[in-house]
Every structure is written in C-alpha cells, then in structure tokens.
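Colleague: got a structure for you, letters missing:
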C-alpha cells in the first residue's frame with residue numbers, strides 16, 4: 001500500500017482532484033495538511049534548479065532559503081477545518097494532521113487540542129514560514145508524530161529538542177532542508193522527500209544511502225509537488241526502496 005506522507009488541501013487542485021491523482025498513481029492514503037500559503041502561481045522553470053544548486057553549497061543555504069521564503073505569502077493561522085472535512089468525506093483516504101503556529105500562544109495549544117479531539121494523526125510545524133526555532137515550538141510534544149519544515153535555526157536545535165523529548169517521533173520535511181546531511185547523522189529522525197522543487201533526486205539518493213530506507217518517507221507535497229510539466233497533476237515519485245512508500249510512515253503512526 002502506497003502512503004503519501006505529505007500533501008495539502010489547496011484551492012488550485014481541491015480534494016476531489018487530489019483523490020483522482022492518488023487513484024491514478026495507486027496511492028491508497030495521504031497525510032493531509034492545511035495550506036501553508038496563498039496559492040503559488042506558475043513557477044519559472046529555471047527557479048527550482050537554481051535554488052537546489054545553491055542549497056548544495058553550505059554557505060549559500062541560508063541566504064537562498066531566505067530569498068525563497070520572500071517569494072510566498074504565508075498563512076499565519078492555518079485552516080485545519082478543511083482537512084477534517086476532507087477526511088470525513090473520503091473515509092480511509094486521508095490521515096489528517098493538525099497544523100499550528102506556536103507563535104499564536106494559547107490559541108495554538110487550543111487548536112491542537114481541538115484537532116486531537118477530532119482524530120488528528122500528526123502535527124505539522126512550519127518553522128520556515130512562521131519564523132521560529134524548533135525549541136520554541138512548545139506545541140510539539142510526544143503525543144503525536146511531528147512533521148517539521150525547518151526554518152533558519154541551526155541544526156543543533158533538532159538535537160536540543162530530541163534531548164528534551166527523547167520519545168518524540170520527528171519527521172523532517174524535504175530531506176531536512178536547509179541543513180540536509182548535518183541532520184542525517186542523528187539517530188531516530190525520519191525524513192520525507194517531498195517537493196521536487198525543493199529537493200533534487202541526487203540529494204534524495206545521497207540521503208537514502210546515508211540513513212537507510214527505514215528512515216525515509218515518501219511524500220509529494222501535493223498539489224504543487226505533483227504538478228505535471230505538460231499541465232495537470234500527476235504523481236512522479238523518485239526512485240526509492242519499497243519500504244519508503246508506506247512501511248516507514250506506518251511504523252511511526254502505529
């Protein structure tokens with residue numbers, strides 16, 4: 001069974017369109033997360049290769065990462081209601097994740113509690129968009145698996161959190177962007193491969209070799225991550241060991 005560990009509800013495709021793309025690719029279930037930003041328009045074909053090339057040079061990583069963030073308009077308060085509505089309307093197809101912004105303080109804690117009452121299977125944190133560091137994410141607890149898109153904090157932040165919460169089930173989005181191999185050496189951390197715009201197949205190959213398939217999760221970052229060159233939406237996953245397409249994520253969710 002193929003599981004997509006990283007997909008979003010966004011206006012450009014819609015839930016029915018996502019289900020259709022999943023059906024065409026044989027994807028049985030997807031982790032579903034609220035939209036992180038306003039709809040992303042057409043992407044210049046030269047943009048992702050230049051972005052990924054800069055990320056291969058450690059001194060350029062944070063500068064290009066800041067530039068990348070400035071091109072998108074983030075949602076300060078993500079909408080979780082559409083996620084749980086989609087899960088109700090398509091039983092068995094979606095694993096709803098709560099998406100909160102810890103900078104909202106008590107509101108974030110209350111929203112997380114509401115999502116857990118509605119059956120949230122995990123928690124999404126977007127440090128890049130919301131501009132905080134992982135140790136400041138007090139909403140991140142051992143109660144749920146946490147999918148974190150890291151921001152501008154140093155890689156040592158991840159180690160600090162794992163020391164404080166050793167039972168935390170942590171998945172780092174986009175191969176651990178922007179630190180990549182600096183984090184691959186950490187035991188127990190999982191990594192997803194979402195978004196070809198952010199992570200090259202070469203980086204994914206190096207990561208799988210470094211950490212092994214038991215710590216790699218297939219994720220698409222749909223809808224943007226499944227945009228087809230000829231138009232429309234189509235899954236085009238990178239070459240991965242079979243375990244990455246379901247068993248790794250299932251081991252965390254159980």
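Modeller: Ah, there it is. Only a predicted model underlies this, so the values are computations on that prediction, with no experimental measurement involved.
Colleague: So which residue is dead centre in this structure?
Modeller: For the chain, the residue sitting closest to the mean C-alpha position, by Cα atoms, centre = their mean, is residue 173 at 4.2 Å.
Colleague: Report pLDDT for that one.
Modeller: Model confidence at residue 173, given as pLDDT, is 98.
Colleague: again, but for residue 195
Modeller: 95.
Colleague: which ones are touching it?
Modeller: Neighbouring residues of residue 195 by Cβ atoms under 8 Å, 6 or more residues apart in numbering: 174, 220, 221, 224, 225. From N, CA and C alone the C-beta is placed, and that goes for glycine too.
Colleague: tell me which element the nearest residue to the fourth one once chain neighbours are set aside falls in.
Modeller: Spelled out, it's residue 224. Spatial nearest neighbour of residue 224, chain neighbours left out: residue 40 (5.6 Å); criterion: Cβ to Cβ, 6 or more residues apart in numbering. In the assignment (DSSP states H and E), residue 40 maps to no helix and no strand.
Colleague: Does residue 40 touch residue 223 like I think?
Modeller: No - with contacts counted by Cβ atoms under 8 Å, residue 40 stays clear of residue 223, the gap being 9.1 Å.
Colleague: Identify the contacts common to these two.
Modeller: Joint contacts of residue 40 and residue 223 (Cβ under 8 Å, 6+ apart) are residue 12.
Colleague: all helices of the stretch 151-254 of the chain, in order?
Modeller: Using DSSP state H, counting those that start in this stretch, the helices of the stretch 151-254 of the chain run over 156-164, 181-184, 201-211, 247-253.
Colleague: In the stretch 151-254 of the chain, what residue spans correspond to strands?
Modeller: Ranges of strands in the stretch 151-254 of the chain, per DSSP state E, counting those that start in this stretch, are 170-172, 190-192, 216-217.
Colleague: before we move on, back to that, which stretch among the helices of the stretch 151-254 of the chain comes nearest residue 232?
Modeller: Of all the helices of the stretch 151-254 of the chain, it is helix 201-211 that lies closest to residue 232, at 21.3 Å by Cβ to Cβ.
Colleague: circling back to that earlier point, closest one of the contacts of residue 195 to residue 132?
Modeller: The closest of those to residue 132 turns out to be residue 174 (Cβ to Cβ; 17.5 Å).
Colleague: so what's the closest one up against?
Modeller: 149, 192, 193, 194, 195, 198, 199, 221.
Colleague: distance of the residue nearest to the centre of the chain from residue 217?
Modeller: Using Cβ to Cβ, to the nearest Å, we find residue 173 at a distance of 9 Å from residue 217.
Colleague: Check the contact lists of these two and give me the overlap.
Modeller: The contact sets of residue 173 and residue 217 overlap at 6, 192 (Cβ under 8 Å, 6+ apart).
Colleague: still on that earlier bit, with mean neighbour count and distance to residue 61 added, can I get the strands of the stretch 151-254 of the chain in JSON lines?
Modeller: Formatted as JSON lines, the strands of the stretch 151-254 of the chain follow (neighbours: other Cβ atoms under 10 Å; distance: least, Cβ to Cβ, whole Å):
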{"stretch": "strand 170-172", "mean neighbour count": "24", "distance to residue 61": "15"}
{"stretch": "strand 190-192", "mean neighbour count": "26", "distance to residue 61": "16"}
{"stretch": "strand 216-217", "mean neighbour count": "28", "distance to residue 61": "21"}
